[in-house]
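1. Sharing a sequence plus its predicted fold:
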Amino acid sequence: MRVAIVTDSNSGITQEQGREAGIYVVPMPFMMAGETYFEDISLTQKSFYEKLAEGAEISTSQPSPASLIELWNGLLKEHDAVIHIPMSSGLSSSCETAHALAADFGGKVLVVNNQRISVTQRQSVLEAKAMADQGVSAEEIKRVLEETALDSTIYITVDTLEYLKKGGRITPAAALLGTFLKIKPVLTIQGEKLDAFAKARTMKQAKSMMITAVKKDLEERFSDPEGAGVHMAVAHTDNETAALEFKKELMELFPKAGDIYVDHLSLSVSCHIGPGALAVACTKKLSL
């Protein structure tokens, strides 16, 4: 069985990386000043943060139904089935839309909702591709990814409260007070949604809180205190120098985790938390 693997740019997989790996990446659309831009096609990381710094109002959307149908129809000319892995259903309606559209494809398009985004979504996509290359059926790939959906964890510290305020996640008064007190909120993604986790006064304290949280997850959720059985990653929003420093710290703390992948957080997350954010993620390895 030939199975095509499709994801969206929320996975952090670029168009070029997708072509090299044989993975099809749907670019996420963004609206600015009445125009629509597409991640990694007409909207680069650099231009996104430049527009953000200029105060541009940026909103996210989902891929058009027509673009998904066209892509799936094209892939099914050369493949027996399509596995489509969008961002978590708790963070976007694009997963629900894809499910509805797939119903018209007679079981040949299977949409996976494994509750992930960014580097953890990327890991799911890579594992799906590895299984497809081994001849695993589309139905089995979907089953495995959804059964292991919660085998991941993400912690994010935010440098500014401005964008959480803009998105209505905190009140203007709370943002003002937080800025005055120099609070660095730590957020988490455990399954579907982005939630508050803790409050720090400095970036150093925030990183310490994230490391402590990761240690607890490795011990209690994954039964793997040394991290030998997880993929560890660092993600950031226009904060690469700090991300590389954080990677070094984590590699010293968890030497058995191996190399730690570093990437940008997807722009869909970035537009809600702004630049300067730093994240750590762990995903339990699959036995492929």
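-> Nice, I can see it.

2. who touches the longest helix along the chain?
-> Counting by DSSP state H, the longest helix found in the chain is helix 203-220. Contacts of helix 203-220 with the rest of the structure, by CB atoms under 8 Å, 6 or more residues apart in numbering, involve 153, 155, 157, 159, 184, 186, 188, 197-198, 200, 224-227, 230, 242, 246, 249-250, 253, 278-280, 282. In short, each C-beta sits where N, CA and C put it, glycine included.

3. try stretch 122-129
-> Counting by CB under 8 Å, 6+ apart, residues outside stretch 122-129 touching it are 5, 7, 11-13, 21-23, 83, 85, 112, 114, 116, 141, 144-145, 152, 231, 233, 263, 283, 286, 288.

4. which ones among those residues are found in strands?
-> Ile5, Thr7, Ile83, Ile85, Ser152, His231, Ala233, Asp263, Thr283 (DSSP state E).

5. Quickly list what the second one is bridged to.
-> Read that as Thr7. Going by DSSP bridges, Thr7 is paired in beta bridges with Val25, Ile85.

6. picking up where we left off before, could I have the ChimeraX command that selects the buried members from the contacts of stretch 122-129?
-> To isolate the buried ones among these in ChimeraX, judged by 16 or more other CB atoms under 10 Å, type:
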select :5,7,11,12,13,23,83,85,112,114,116,141,144,145,152,231,233,263,283,286
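
7. re the thing from before, and the ones in strands among the contacts of stretch 122-129, which is closest to Thr44?
-> Nearest to Thr44, judged by CB to CB, of the ones in strands among the contacts of stretch 122-129 is Asp263 at 14.6 Å.

8. if I pick the spatially closest residue to the closest one that is not a sequence neighbour, what's in contact with it?
-> Of all residues beyond its chain neighbours, the one nearest Asp263 is Gly12 (4.8 Å), with distances taken as CB to CB, 6 or more residues apart in numbering. Applying CB under 8 Å, 6+ apart, we find Gly12 in contact with Ser118, Val119, Gln121, Arg122, Ala235, Asp263, His264, Leu265, Ser266.

9. surely the last one meets Thr120?
-> Same thing as Ser266. No - at 11.0 Å, Ser266 and Thr120 do not qualify as touching, with contact defined as CB atoms under 8 Å.

10. gap between Gly227 and Ser93?
-> Computed as CB to CB, to the nearest Å, the Gly227 to Ser93 distance reads 34 Å.

11. All the strands of the stretch 151-288 of the chain, in order from the start?
-> Shown for the stretch 151-288 of the chain, the strands assigned by DSSP state E, counting those that start in this stretch span residues 152-157, 184-189, 194-200, 230-236, 261-264, 278-284.

12. Next, the buried residues of the third one.
-> By neighbour count, and taking 16+ other CB under 10 Å as the criterion, the buried residues in strand 194-200 are Leu194, Phe197, Ala198, Ala200.

13. any idea how far His99 is from Pro65?
-> On the measure of CB to CB, Pro65 and His99 end up 12 Å apart.

14. gap between stretch 98-116 and the chain center?
-> Taking the mean C-alpha point of stretch 98-116 and that of its whole chain, the gap between them comes to 19 Å (CA atoms, centre = their mean, to the nearest Å).

15. for that stretch, how far is the first residue from the last?
-> Across stretch 98-116, the straight-line distance between its terminal residues is 15 Å, by CA to CA, to the nearest Å.

16. residue contacts, the residue nearest to Gln121 when sequence neighbours are not counted?
-> Nearest non-adjacent residue to Gln121, counting by CB to CB, 6+ apart: Ser11, 4.3 Å away. Ser11 makes contact with Val25, Ile85, Met87, Ile117, Ser118, Gln121, Arg122, Val125, Ser266, according to CB under 8 Å, 6+ apart.

17. low-scoring stretches of this structure, by residue?
-> Applying pLDDT under 70 to the chain flags residues 89-92, 161-183, 191-192, 288.

18. how about a cut-off of 50?
-> Low-confidence segments of the chain (pLDDT under 50): 165, 167-181.

19. Next one: the residue most central in space within it from Gly258, what distance?
-> Centroid-nearest residue in the chain: Ser118, 1.6 Å away (criterion: CA atoms, centre = their mean). For Ser118, the distance to Gly258 (CB to CB) stands at 19 Å.
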